[in-house]
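Asks: Task: produce atomic coordinates for the following.
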Amino acid sequence: MKPTTSTTNYTAALDAIGRLLEGPYADAPALIATAKDALQEPRWNATVAALDNFSARWFPLAMEAREELYTAVFDIMPACVPYVGIHLFGEENYRRGAFMAALSQRFEQARFNPGRELPDHIAALLRFAAMAEEDERRDLAKYCLLAPLEQMIAALKPDIPFRFLLEAALRLLQAAYPGLEPAPTPLSQHQAATACTPVAGCGCGAVFSTVNAQEKHAQQGNLIYG
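Replies: Below is the predicted model of the structure:
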């Protein structure tokens, strides 16, 4: 699908947000300006508001404070790890390794450089989504980005700057694809199934649907996009 001018604009914003999430050393003023310049239409207002909230809390911080905050949020808080594969599959799950291998292969095919981070880092996936074709970008949103972004946002207190940056990414994708719901993650399906007590009428076929869903993600052709 050939991108429209509007599509091209919002992907520039998606790329800028991804770069802002790479670390505390990003040129935040320039990247924020790039993102906001690309989001002039009213449908992006929630994204712009989130970027403004991030800027108001981030710009006054000294570099040392920025470094400490980035480390505290993304390296110390287990609920806000920046690695999408952990949110999808769990940390101690071999399927995350298969997922990262599939991502690496796809990045190589697309000649995309994820930088120093692992391929399932949220920053790398947002940047890759920005350069992907429209259909693939939508699949990335549904299967790899929406649910992890929601989980990461929920893990942060309302006054944490990165909460607003993650919210900007989420609102942008939601505005780009109105009505798109995140696919249930294999981890959430597994947790729901194991929490189910086999009583009369409970329908524990949920266990089998969980296994099927995980196998579906494990197949090479569907590993990235469900």
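Asks: what packs against the helix or strand containing residue 52?
Replies: Using DSSP states H and E, residue 52 falls within helix 45-58. With contacts defined as 3 or more C-beta pairs under 8 Å, 6 or more residues apart in numbering; DSSP states H and E, the secondary structure elements packing on helix 45-58 are helix 5-20, helix 28-37, helix 161-176. Heads up, the C-betas are built off the backbone N, CA and C, glycines and all.
Asks: Show me what the first one packs onto, helices and strands only.
Replies: If I follow you right, that is helix 5-20. helix 28-37, helix 45-58, helix 122-131, helix 161-176.
Asks: Name the residues that touch the first one?
Replies: In other words, helix 28-37. Helix 28-37 is contacted from outside by 12-13, 16-17, 19-20, 47-48, 51, 54-55, 58-59, 168, using C-beta atoms under 8 Å, 6 or more residues apart in numbering.
Asks: repeat that for 7 Å
Replies: For helix 28-37, contacts defined as C-beta atoms under 7 Å, 6 or more residues apart in numbering pick out 12-13, 16-17, 19-20, 48, 51, 55, 58-59.
Asks: Return the set of buried residues in that helix.
Replies: Under the neighbour-count criterion of 16 or more other C-beta atoms under 10 Å, helix 28-37 has 28, 31-32, 34-36 buried.
Asks: These into a markdown table, with extra columns for pLDDT and distance to residue 182?
Replies: A markdown table is the format used below for these (pLDDT from 0 to 100; distance: C-beta to C-beta, whole Å):
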| residue | pLDDT | distance to residue 182 |
| --- | --- | --- |
| 28 | 96 | 28 |
| 31 | 98 | 26 |
| 32 | 98 | 26 |
| 34 | 97 | 27 |
| 35 | 98 | 22 |
| 36 | 97 | 26 |
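Asks: Let me know the closest of those to residue 136.
Replies: Nearest to residue 136, judged by C-beta to C-beta, of the buried residues of helix 28-37 is residue 35 at 21.2 Å.
Asks: Quick check, central residue of the protein?
Replies: residue 145 (3.4 Å; C-alpha atoms, centre = their mean).
Asks: my hunch is that that one is in a helix, does that hold up?
Replies: Yes. Under DSSP: H, G, I helix; E, B strand; the rest coil, residue 145 falls within a helix.
Asks: returning to that earlier point: residue 93 is nearest to which of the helices and strands packed on helix 5-20?
Replies: helix 122-131 (18.0 Å).
Asks: Just name the shakiest helix or strand of the protein by mean pLDDT.
Replies: Scoring the helices and strands of the chain by mean pLDDT, DSSP states H and E places helix 205-218 at the bottom, with a mean of 36.
Asks: related to what we said a few turns ago, need the least confident one among the helices and strands packed on helix 45-58, by mean pLDDT.
Replies: Mean pLDDT values for these show the minimum at helix 5-20, a mean of 85.
Asks: Just the CA trace of that one, in PDB.
Replies: Output of helix 5-20 as PDB, limited to C-alpha atoms (Å, rounded to 0.1, in the frame of the first residue of the first chain):
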ATOM      1  CA  THR A   5       1.200  12.400   2.700                       C
ATOM      2  CA  SER A   6      -0.600  12.100   6.100                       C
ATOM      3  CA  THR A   7       0.800   8.600   6.600                       C
ATOM      4  CA  THR A   8       4.300   9.800   5.800                       C
ATOM      5  CA  ASN A   9       3.900  12.600   8.300                       C
ATOM      6  CA  TYR A  10       2.800  10.500  11.300                       C
ATOM      7  CA  THR A  11       5.500   7.900  10.700                       C
ATOM      8  CA  ALA A  12       8.100  10.700  11.100                       C
ATOM      9  CA  ALA A  13       6.500  11.300  14.600                       C
ATOM     10  CA  LEU A  14       6.600   7.500  15.300                       C
ATOM     11  CA  ASP A  15      10.300   7.400  14.500                       C
ATOM     12  CA  ALA A  16      11.000  10.500  16.600                       C
ATOM     13  CA  ILE A  17       9.200   8.900  19.600                       C
ATOM     14  CA  GLY A  18      11.200   5.700  19.100                       C
ATOM     15  CA  ARG A  19      14.500   7.600  19.200                       C
ATOM     16  CA  LEU A  20      13.400   9.500  22.300                       C
END
